[in-house]
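S.K.: Take a look and give me a structure for this.
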Amino acid sequence: MRKVITGFLVVFGVVAAATGSACSAGNEANAPRTVASVDLERYAGLWYEIAKIPNRFQRTCDSGTTAEYVLRDDGRIGVVNRCRKADGEVIETSGVARVVDADTGAKLEVSFVSLLGLQLFWGDYWVIGLDDGYRWAVVGHPERRYGWVLARSPSLAPGQWEAIRALLVGQGYDPDDFEMTRHDGAAAGS
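M.R.: Residues are numbered from 1 along each chain as shown. Take a look at the predicted model:
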C-alpha cells in the first residue's frame, strides 16, 4: 500500500508543479471564474466525488472517492483523499491546502507532497460552482486540465446534475469530459 500511495503522491506532485507554473505564467485571462465567496467553515467536512476529469494521479481509484477538509489552527486546511481500488483496498493520502485569494476564499492551492516539513508542488484548486446550501461544489483548474464535482452525499438530487452540466458549459468545460464516480449502492449523477 505504501508504494501505491508514494506513487500517487509523486505523480500528483509532478502534475501540480506543472499546472501551477502554467497558471503563474499569466494565463488566467481565459480561466474559469470562481464563485464570489466560500465560507471555509461551511465548506469543511466530507465530500463525495460525483464526477471528475480522468487523470493519472487517480487511475488506481475504482470507486468510493471522497475528500475531507478540516480547518487547521494555522489558517490552512487539512485534506484527506480516499478511494477504493478494484480489489477493495482503500487508498488514503493526506495533504494541506492554503487560501490564495483571501477576499473570496474560492482560490486555493493544495499540496500532497511534504519533505522535511515543507509542502512542495502546490496545485490550483478553484471553487467555480457552489450550491447555496453547500450540498454540491465544482472545483476547477485555471487551464481546465482538471475538474471535480463534489457533493455531501454519494448521489445528487434530481435536477442537480443538469444544473451542474450547465455550469460546466458556462465555465468553458465540456461536461462529457467528466467521468462519473461509482459509489457502492448509489448512482453518482441523477
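S.K.: what about the helices in this protein?
M.R.: 2-24, 40-43, 160-170 (DSSP state H).
S.K.: Quick check: nearest residue in space to residue 47, chain neighbours excluded?
M.R.: Nearest residue to residue 47 in three dimensions, chain neighbours excluded: residue 150, at 4.0 Å (CB to CB, 6 or more residues apart in numbering). For every residue, glycine as well, the C-beta is placed using N, CA and C.
S.K.: give me the number of residues near that neighbour?
M.R.: Applying other CB atoms under 10 Å, we find 24 residues neighbouring residue 150.
S.K.: what stretches of this structure score poorly on pLDDT?
M.R.: Applying pLDDT under 70 to the chain flags residues 1-28, 185-190.
S.K.: now the strands for it?
M.R.: Secondary structure of the chain, counting by DSSP state E: strands at 45-52, 63-71, 77-84, 90-99, 107-111, 113-115, 118-120, 123-130, 136-140, 147-151, 179-180.
S.K.: neighbouring strands for the fourth one, and are they parallel or not?
M.R.: I take that to be strand 90-99. Strands that pair with strand 90-99, judged by DSSP bridges, come out as strand 77-84 (antiparallel), strand 107-111 (antiparallel).
S.K.: Including distance to residue 38, could the strands of the chain go into a markdown table?
M.R.: As requested, these are exported to a markdown table (distance: least, CB to CB, whole Å):
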| stretch | distance to residue 38 |
| --- | --- |
| strand 45-52 | 13 |
| strand 63-71 | 11 |
| strand 77-84 | 11 |
| strand 90-99 | 9 |
| strand 107-111 | 9 |
| strand 113-115 | 24 |
| strand 118-120 | 21 |
| strand 123-130 | 5 |
| strand 136-140 | 8 |
| strand 147-151 | 12 |
| strand 179-180 | 25 |
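S.K.: Assess the claim that residue 60 and residue 89 are in contact.
M.R.: No: at 9.1 Å, residue 60 does not count as touching residue 89 under the criterion of CB atoms under 8 Å.
S.K.: out of the strands paired with strand 90-99, deepest packed?
M.R.: Comparing those on average neighbours per residue, with mean count of other CB atoms under 10 Å, the densest one is strand 107-111 at a mean of 22.
S.K.: Between residue 60 and residue 89, which is the more surrounded one?
M.R.: Each of residue 60 and residue 89 has its neighbours counted (other CB under 10 Å); residue 60 has more, 16 against 12.
S.K.: In space, what's closest to that one - neighbours in sequence excluded?
M.R.: Excluding its sequence neighbours, the residue lying closest to residue 60 (CB to CB, 6+ apart) is residue 85, at 5.5 Å.
S.K.: do residue 105 as well
M.R.: That would be residue 38: by CB to CB, 6+ apart, it lies 4.0 Å from residue 105.
S.K.: Residue 61 too?
M.R.: residue 83 (3.5 Å).
S.K.: before we move on, what about residue 129?
M.R.: Excluding its sequence neighbours, the residue lying closest to residue 129 (CB to CB, 6+ apart) is residue 138, at 3.2 Å.
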